[in-house]
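K.L.:
Return a 3D structure for these sequence lines:
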Amino acid sequence: MSEEKEIELFTPGCLGTCWYGKYHYFEPWAGCGHDCPYCYARFRAPVKVSLSRLGTPFEEPRTLYPEEELLRRTAERAASGEISILKLCRYTDIFTPSFVGSGLSLKLLDALTGPASRISRVIITTKGLPDKDIIDLIRSRPAKFSYNAAVRPGTAVSFDRALLPAGERLAAAAAIQAGGVLTTVHMDPFVPGFDDESAALKPFLEGLKKLGLNRVMFSYLLLSGEMAAPLEKELPPAVFAALKDNYDLAESRQYLPRQADTVYWAIRPEVKRASVEKTAAMLNDMGFDFVLCSLKNTPGLDTTKFKGTKLCDGKFYA
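P.N.:
Okay, the predicted model is just below:
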């Protein structure tokens, strides 16, 4: 069973994650408008319970509270001094398009980092696109933010149908970085055998270089039987078969303690080894500052075999 019964607005970092006990999550709504078919969040117990209570499907997110109450609760907790580092978000995206469009995302970021807030750092990881007002806010408070754009190379494994164009999202990241904000491109979810191929990865990395984006983290696609079902509907049969063949379906691992719904298939060791070595070599050769996400990729990984590859300790992107 999960240690969480329902999504809460602020939640302490959970066991098994980087910086456990030193940060909080922020979840202003349940669901995500990006509706990525591989998203693990839609299958997590707290998300299912919250969506049921709010009476909405995952792809039509709804705030946990009415807007005025949500903003009040956010501002009060931000000013309480109980939270130092805040991560946005675990189960959704702060730049879900409907809330960017309504201005709610901007209002929440202002409440979290304004003069009354005692939060020292807000870490944003997003597949979304902030608008100009949000970019201006982040750039005006560079010491308060870290920004992580989750963008992956374009390959035959294309399941980003609901996302805005990668070029626009990377341009936003470059604009935020130009304002003095620590900015990282998170290649996530990274698909072995596809995203690590030179024909896809090299031009993607060259594009990052042109934008001045030199910090990269990559983490591999988590997959389970439940998560595989929507992917099978999304991808051509041959592509899905090749993707699924990367995983040992007879071996599953629970990634987080006391959270039984974090059980995923293990990537075959030889597949992971080849992918990490190939990707790390290219990142090294092109002069990137990079890490491999340790939370998703450490289980079963002998790190001594990968020269030049650093595992993230949670501080790289923050």
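K.L.:
Can you name every helix or strand that the longest helix seen in the chain contacts?
P.N.:
When the chain is parsed with DSSP state H, its longest helix is helix 269-285. Here helix 269-285 touches helix 198-211, strand 215-220, strand 289-292, going by 3 or more C-beta pairs under 8 Å, 6 or more residues apart in numbering; DSSP states H and E. C-beta: built from backbone N, CA, C; applies to glycine.
K.L.:
Quick one: end-to-end distance for stretch 36-56.
P.N.:
17 Å (C-alpha to C-alpha, to the nearest Å).
K.L.:
Hmm, residue 159 is touching residue 38, no?
P.N.:
Yes - contact status for residue 159 versus residue 38: in contact at 6.0 Å, counting by C-beta atoms under 8 Å.
K.L.:
Common neighbours of these two, please.
P.N.:
residue 231 (C-beta atoms under 8 Å, 6 or more residues apart in numbering).
K.L.:
ok so, going back, what about the helices and strands packed on helix 269-285, which gets the closest to residue 53?
P.N.:
Nearest to residue 53, of all the helices and strands packed on helix 269-285, is strand 215-220, at 30.5 Å by C-beta to C-beta.
K.L.:
follow-up on the earlier one: of the helices and strands packed on helix 269-285, which is nearest residue 184?
P.N.:
Once the helices and strands packed on helix 269-285 are compared by C-beta to C-beta, strand 215-220 is nearest, at 4.4 Å.
K.L.:
Put the alpha carbons of the helix or strand just after the closest one into CSV.
P.N.:
Downstream of strand 215-220, the first helix or strand assigned by DSSP states H and E is helix 225-234. Provided in CSV are the C-alpha atoms of helix 225-234 (Å, rounded to 0.1, in the frame of the first residue of the first chain):
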residue,chain,number,x,y,z
GLY,A,225,2.2,-4.0,-17.6
GLU,A,226,-0.4,-1.4,-16.7
MET,A,227,1.7,1.4,-18.3
ALA,A,228,2.4,-0.7,-21.4
ALA,A,229,-1.3,-0.9,-22.4
PRO,A,230,-1.7,2.7,-23.5
LEU,A,231,1.7,2.7,-25.2
GLU,A,232,0.7,-0.3,-27.2
LYS,A,233,-2.3,1.6,-28.5
GLU,A,234,-0.1,4.7,-29.3
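K.L.:
So which residue is smack in the middle of this structure?
P.N.:
Centrality entry for the chain: nearest residue to the mean C-alpha point is residue 125, 5.0 Å, by C-alpha atoms, centre = their mean.
K.L.:
Next, the residues that contact whichever helix or strand that one is part of from outside, please.
P.N.:
Taking DSSP H and E as the criterion, residue 125 maps to strand 121-126. Strand 121-126 is contacted from outside by 23, 84-89, 93-95, 109, 112-113, 138, 144-150, 186, 317-318, using C-beta under 8 Å, 6+ apart.
K.L.:
Ends of stretch 280-292, what's the gap?
P.N.:
Distance across stretch 280-292, first residue to last, is 9 Å (C-alpha to C-alpha).
K.L.:
what's the answer for stretch 194-203, then?
P.N.:
14 Å.
K.L.:
Then stretch 118-127?
P.N.:
Stretch 118-127: ends 27 Å apart by C-alpha to C-alpha.
K.L.:
Tell me the spacing between residue 217 and residue 283.
P.N.:
Distance of residue 217 to residue 283, given as C-beta to C-beta, to the nearest Å: 10 Å.
K.L.:
what is in contact with these two at once?
P.N.:
The contact lists of residue 217 and residue 283 share residue 290, where a contact means C-beta under 8 Å, 6+ apart.
K.L.:
circling back to that earlier point, downstream neighbour of the strand holding residue 125 in the secondary structure list?
P.N.:
helix 132-140.
K.L.:
Averaged pLDDT, that next one. What do you get?
P.N.:
Mean pLDDT, helix 132-140: 98.
K.L.:
measure the residue nearest to residue 44 when sequence neighbours are not counted to residue 243 for me?
P.N.:
Distances taken as C-beta to C-beta, 6 or more residues apart in numbering place residue 261 nearest to residue 44, at 5.6 Å, with adjacent residues excluded. Look at residue 261 and residue 243: by C-beta to C-beta, they are 22 Å apart.
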